[in-house]
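**Student:** Requesting a structural model of the entry that follows:
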Amino acid sequence: MNNFSKSDLAQFTGDDIRYQSLNPRVIYTPGVRHLAENAHAFWLIDAIASYFVGPTMRRAIASDDRLSTLQFWRLEVDDDQTACLYAVADKGIKPFIVQAIDYSDFPFDSIDIWAGFDGHYWTLYLPSEH
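**Tutor:** Numbering: from 1, shown residues only. Alright, predicted model coming up:
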């Protein structure tokens, strides 16, 4: 990972370039791509994108309208290399998605990825790209 650090991600402040995930309704920004490439974590994009096609997401959006336009995703990695991916509507709100991950070699103890809906696509982006 050659000296890759979280501070490298701050250089991404938003642009018009987008990349397609495995889910045709989910795209992502150059900052998220840089993260995935350097952290060897395209699996993280796939994990997040997979939730946008299932009943869990539909139920969550039906119960909290805020989730229909903006979501806050976070990956937290523990010292034992287990991890948890979760998503919330806002800080202090109970997560509507929680996924335990048995093992992760993700290089940071946590990372935030936000998801915004433009009426057609969900875009995954770093907070600095907002």
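**Student:** Where does residue 40 sit, in terms of helix or strand?
**Tutor:** According to DSSP states H and E, residue 40 maps onto no helix or strand at all.
**Student:** What sits closest to residue 36 if chain neighbours are left out?
**Tutor:** Closest residue to residue 36 apart from its sequence neighbours, by C-beta to C-beta, 6 or more residues apart in numbering: residue 42 at 4.6 Å. C-betas here are computed from N, CA, C, even on glycine.
**Student:** I'd assumed residue 35 was in contact with that neighbour.
**Tutor:** No. Under the criterion of C-beta atoms under 8 Å, residue 42 makes no contact with residue 35, lying 9.6 Å away.
**Student:** out of those two, which sits in the busier spot?
**Tutor:** Taking other C-beta atoms under 10 Å, residue 42 and residue 35 do not tie; residue 35 has more neighbours (27 against 16).
**Student:** SS state for that one?
**Tutor:** Per DSSP: H, G, I helix; E, B strand; the rest coil, the local secondary structure of residue 35 is helix.
**Student:** out of everything not next to it in sequence, what's closest to it?
**Tutor:** Residue 35's closest residue in space is residue 9 (C-beta to C-beta, 6+ apart), at 6.2 Å.
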